[in-house]
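Chemist: what follows is a predicted structure for the sequence shown.
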Amino acid sequence: MTVLAVDVGGTTIKGAVASQDGQILHTLTTPSEADANPVQAVRSLCVRLRDDAVRLGAAPAAIGVVTPGLVDEDEGVVKYAANLHFRDVPLRKLIGDDLGLPVAVGHDVRAAGVAEAVASGLDDFLLLPLGTGIAAAVVVRGIPLPGATRAAGEVGHMPVYPGGEPCSCGQQGCLEVYASAGGLARRYARLGGASGLDSRAIAAALPDDPVARTVWDDATRALGTALATLTLTLDPARIVLGGGLADAGDLFFDPVRAALSAALAWRPAPLLARSVFGARAALVGAAILARREAGLAVPDGWGADGVQPG
Ligand SMILES: [Zn+2]
């Protein structure tokens, strides 16, 4: 039995047809602004994806749809997603009516945490994609915590430099101002670096660009400090980092590991690892949610084969 998976982002909506053994058989991507009504853009993509699957002879058993924002997985409702202009959108009902299939609605980062949990077999860990912003999947005993108001894991707005630089959220000194891929690029430009460089180009400029060195060191120190707080609170077995900055490899991981260890005097730091799935984690997570919704088994390692990070 196949399932459909859809990852709704602020820029693009990604869809995939996943086979019984976790292979991606087909993908479909559309801009989030493809329709003047972003909810309609999601619904249209889901219908096209279902039709494609049927054409491939791979009729689906269920669909999983994940979005950012405040998501009530139990009700299947996206309460609020600023970038998507979603407010109280009953996605499960809308897509269920369109497709006549069981629908699982999830949060993108928590779904990514589900994918990493299935891939790694770990029960207690943190997953932090370091992209435009920073959110975390806080996985405790195999379940990503949603929190009392569905806002758990918003670690990008942890204050790491009290009284520091302003964040778009209205606070000052938030982690993501310094240590998200987007924040790093903005600080680099603001501090006088060459214009238009992204986090990858800044990493490449480190050997002979003092501005790049400054923002890089601030980023790794900020993240190491934040991870120390999270480690002391949650005692994770592993901290998994994904997104643009994790792509820099040792250049990024070594100083973050050093900052984390330096902030933990009396206990060892948990292992720091790179995400198995990269940018596809949320999509694989959506497929896993769909399989669970359809009552299909999800064996350890499902979806991890043949997935290219990025
Ligand atoms: Zn903030």
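Modeler: Nice, thanks for sending it over. Computed from a predicted model, the values in this text were never measured in an experiment.

Chemist: now the end-to-end length of stretch 163-171.
Modeler: 9 Å (CA to CA, to the nearest Å).

Chemist: quick one: list the elements packing against the longest helix seen in the chain.
Modeler: When the chain is scanned for its longest helix (criterion: DSSP state H), the result is helix 210-234. The contact analysis (3 or more CB pairs under 8 Å, 6 or more residues apart in numbering; DSSP states H and E) places helix 210-234 against strand 125-129, helix 175-179, helix 181-190, helix 199-205, strand 238-242, helix 250-262. Yep, even glycine has a C-beta here, placed from its N, CA and C like the rest.

Chemist: could I get the average pLDDT for that helix?
Modeler: What helix 210-234 shows for mean pLDDT is 97.

Chemist: distance of the residue nearest to the spatial centre of the chain from the ion?
Modeler: Note on the chain: the residue nearest the mean C-alpha position is V109, at 3.9 Å, using CA atoms, centre = their mean. Taking CB to the ion, to the nearest Å as the measure, V109 falls 16 Å from the ion.

Chemist: again with L130
Modeler: With distances taken as CB to the ion, L130 is found 15 Å from the ion.

Chemist: try P255
Modeler: The gap separating P255 from the ion is 23 Å, by CB to the ion.

Chemist: OK, contacts around that residue?
Modeler: Listed by CB atoms under 8 Å, 6 or more residues apart in numbering, the contact partners of P255 are W216, D217, T220, R221, G224.

Chemist: how about the last one: what's its closest non-neighbour residue?
Modeler: It stands for G224. Among residues not flanking G224 along the chain, A259 sits closest, at 2.3 Å (CB to CB, 6 or more residues apart in numbering).

Chemist: likewise the first one?
Modeler: In space, not counting the residues next to it along the chain, W216 is nearest to L206; the distance is 5.9 Å by CB to CB, 6+ apart.

Chemist: burial check on that neighbour, number of neighbours?
Modeler: Using other CB atoms under 10 Å, L206 has 15 other residues around it.

Chemist: same question for P166.
Modeler: A count of nearby residues for P166, using other CB under 10 Å, gives 11.

Chemist: what's the nearest residue to it if we skip its chain neighbours?
Modeler: Leaving aside its sequence neighbours, P166 sits nearest to Q172 (CB to CB, 6+ apart; 5.4 Å).

Chemist: quick one: contacts for that neighbour?
Modeler: Counted by CB under 8 Å, 6+ apart, Q172 has contacts P159, Y161, P162, G163, G164, E165, P166.

Chemist: report the buried members of these.
Modeler: Among the contacts of Q172, those classed as buried by 16 or more other CB atoms under 10 Å are Y161, G164.
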